[in-house]
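>>> Generate coordinates for the sequence data below:
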Amino acid sequence: MIALLSGKLAYKGISHIVVDTQGVGYRVFIPLTTFYELPEAGEPVTLHIHTSVKEDAINLFGFYTLQERDLFQLMISVSGIGPKVAMNILSGISSHELLEAISGSNLAKLITIPGIGRKMAERLILELRDKAAKKMAADQIPVTDAKQKQKDAMREDVLSALVNLGYKAGAAKDALDKIMRDDEGEPMMDQLLKKALKILAG
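Alright, predicted model coming up:
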């Protein structure tokens, strides 16, 4: 089984790449989180690999970090979650946030991830909660403090409000990220919404 792949990035796409290793091109499926970390085509690249072997195909799934690969493997161990769904989930949330949501039984957070419905979110919590908590402890990932959780929840509420008002999720996220980055204080929800609307209207 291939566990690690190093070579030249021969092709760079959103859903998959091709890694040239001594003249052999390997097609590797990737989540968006890995895509954002990739170098330009022609540059050297190293990815952690999960090899999926089926009767009719051998597929490689690549990840920029070992943590992402381990989390992917955890998810596909859950009944009803295959590689494609697991990749979609990882494309919609960071590994840290996903582990924290699962270990903390944060159903509301999980169902905001594209491709996850309520039943799947409940299944993830039921089957992976203890494993996610152990992984966070093993990887020494700090649990987000109460103030940060409150801030994140407010951000999600404002994002939902903006989407309901007709703004695209991507543009709304960018506006909120800018506000959170530039504002050193702790704005109230109505202030955050007003600032976001001002940016989006401009």
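
>>> Any stretches of the protein with poor pLDDT?
139-150, 183-187 (pLDDT under 70).

>>> what about the helices in it?
32-35, 66-75, 83-92, 95-103, 107-110, 118-138, 146-164, 169-182, 189-201 (DSSP state H).

>>> So for this protein, the centremost residue is which one?
Closest residue to the average C-alpha location of the chain: residue 93 at 2.8 Å, with Cα atoms, centre = their mean.

>>> contacts for stretch 128-142?
Contacts with stretch 128-142, where a contact means Cβ atoms under 8 Å, 6 or more residues apart in numbering, come from 67, 70-71, 74-75, 78, 96, 99-100, 102-103, 105, 143. C-betas here are computed from N, CA, C, even on glycine.

>>> related to what we said a few turns ago, do I have it right that the residue nearest to the centre of the chain meets residue 114?
No. Here residue 93 does not reach residue 114: they are 9.2 Å apart, not a contact under Cβ atoms under 8 Å.

>>> coming back round to it: any chance of the helices of the chain in JSON lines, plus mean neighbour count and distance to residue 2?
Shown next, in JSON lines, are these (neighbours: other Cβ atoms under 10 Å; distance: least, Cβ to Cβ, whole Å):
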{"stretch": "helix 32-35", "mean neighbour count": "18", "distance to residue 2": "16"}
{"stretch": "helix 66-75", "mean neighbour count": "20", "distance to residue 2": "12"}
{"stretch": "helix 83-92", "mean neighbour count": "19", "distance to residue 2": "15"}
{"stretch": "helix 95-103", "mean neighbour count": "21", "distance to residue 2": "21"}
{"stretch": "helix 107-110", "mean neighbour count": "17", "distance to residue 2": "30"}
{"stretch": "helix 118-138", "mean neighbour count": "16", "distance to residue 2": "23"}
{"stretch": "helix 146-164", "mean neighbour count": "15", "distance to residue 2": "36"}
{"stretch": "helix 169-182", "mean neighbour count": "14", "distance to residue 2": "34"}
{"stretch": "helix 189-201", "mean neighbour count": "16", "distance to residue 2": "44"}
